[in-house]
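S.K.: I would like to see how this sequence folds:
(one chain, ligands or ions: 1)
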Amino acid sequence: MILMEAKGIHKQFHNREVVKGIDVEIRQSEILALIGTNGAGKSTTMGMLLGILPPDAGAITRWREDYKAHIGVQLQSTPFFEGYTTEENLQLFAALYNLRMGKEQIQKKLEECNLQEARKTLASRLSGGQQKRLAIAVTTLHNPDLIILDEPAAGLDPRGRHEVRTMIKRLAQNKVTVLFSSHDMEEVSRIADRIILMHEGLIVAQGEPESLLQQYHTENLESLYLELTDNTQAEANR
Ligand SMILES: Nc1ncnc2c1ncn2[C@@H]1O[C@H](COP(=O)(O)OP(=O)(O)OP(=O)(O)O)[C@@H](O)[C@H]1O
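M.R.: Okay, here's the model as predicted:
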């Protein structure tokens, strides 16, 4: 099933076009990575898919009318209730969604984000990786169909990144569709089912990691990224 289909979406800010007519499809239960250079238009695209930024042109079809209630979003920094523990934060965020979480549900969430041992730790004392996992857990409290994560593993050490990846994979196994943006090609190659590579407001490549490597005869995603986002190379090919 297709959750979202954007066709020819454009967005400009102050007469500068930052998304230049792109098509994006999000398929149920997939992990879709949005990658690209700084300023490529990834966050703007996510904003349009989320329904918080209206496209200037083009159309987006979504899987249900009340889609906003079925999406979870994690932006680059999620503010926690600092004087409260991990467990209390889960309860407080659940209350924002008008949900009451019983002991068993809290336990399940803590296991899902591998934070059982940190359940009584104040949010402000959690490590960077633990905070990111708690932030992702918060996006899933209302059992959304789709979660959108803006650079979920940015700034983490290898163990932290590994744990975030494991959590994202587990969510996808439980039928949550994941759209995430990243600058980390290793992370992307390890978890994404499909990749969309953006550069200067356009999609320059998209597909499954393996087929992209074959199509472009490149060894790894990093080389592909460098090749397709190299303006001097692009000029030379014009
Ligand atoms: N609200 C806004 N007003 C004006 N310009 C904006 C606005 N939002 C984004 N832009 C500009 O649009 C361009 C695309 O920004 P966007 O945040 O979508 O890129 P990105 O690919 O997510 O970048 P990064 O990887 O650095 O987060 C940038 O040049 C940015 O400065």
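S.K.: quick one: contacts for the most centrally placed residue in the chain?
M.R.: Centroid-nearest residue in the chain: F180, 1.9 Å away (criterion: CA atoms, centre = their mean). Residues near F180 by CB atoms under 8 Å, 6 or more residues apart in numbering: 31-34, 148-152, 168. Heads up, the C-betas are built off the backbone N, CA and C, glycines and all.
S.K.: which parts of the helix of greatest length in the chain are buried?
M.R.: Longest helix in the chain by number of residues (criterion: DSSP state H): helix 158-173. Using 16 or more other CB atoms under 10 Å as the test for burial, helix 158-173 gives 160-161, 163-165, 167-168, 171-172.
S.K.: Sheet partners, orientation included, of the next helix or strand after it?
M.R.: As assigned by DSSP states H and E, the chain's next helix or strand after helix 158-173 is strand 177-182. For strand 177-182, the pairing partners within the sheet under DSSP bridges are strand 31-36 (parallel), strand 146-150 (parallel).
S.K.: that older thread, would TSV of the contacts of F180 with distance to K120 be doable?
M.R.: As requested, the contacts of F180 are exported to TSV (distance: CB to CB, whole Å):
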residue	distance to K120
I31	31
L32	35
A33	34
L34	36
I148	30
L149	26
D150	29
E151	28
P152	24
I168	25
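S.K.: Residue numbers of the chain in contact with the ligand?
M.R.: Within the chain, the positions near the ligand by CB under 6 Å from any ligand atom are 13-14, 18, 36, 38-44.
S.K.: so can I have TSV of those residues showing neighbour count, secondary structure and pLDDT?
M.R.: TSV is the format used below for the residues of the chain next to the ligand (neighbours: other CB atoms under 10 Å; DSSP: H, G, I helix; E, B strand; the rest coil; pLDDT from 0 to 100):
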residue	neighbour count	secondary structure	pLDDT
F13	11	strand	97
H14	5	coil	96
V18	17	strand	97
G36	24	strand	93
N38	6	coil	91
G39	13	coil	92
A40	23	coil	94
G41	24	coil	95
K42	24	helix	94
S43	17	helix	92
T44	20	helix	95
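S.K.: Adding distance to T218, write the residues you listed out as JSON lines.
M.R.: Rendered in JSON lines, the data for the residues of the chain next to the ligand read as follows (distance: CB to CB, whole Å):
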{"residue": "F13", "distance to T218": "33"}
{"residue": "H14", "distance to T218": "36"}
{"residue": "V18", "distance to T218": "27"}
{"residue": "G36", "distance to T218": "16"}
{"residue": "N38", "distance to T218": "22"}
{"residue": "G39", "distance to T218": "23"}
{"residue": "A40", "distance to T218": "19"}
{"residue": "G41", "distance to T218": "23"}
{"residue": "K42", "distance to T218": "21"}
{"residue": "S43", "distance to T218": "26"}
{"residue": "T44", "distance to T218": "27"}
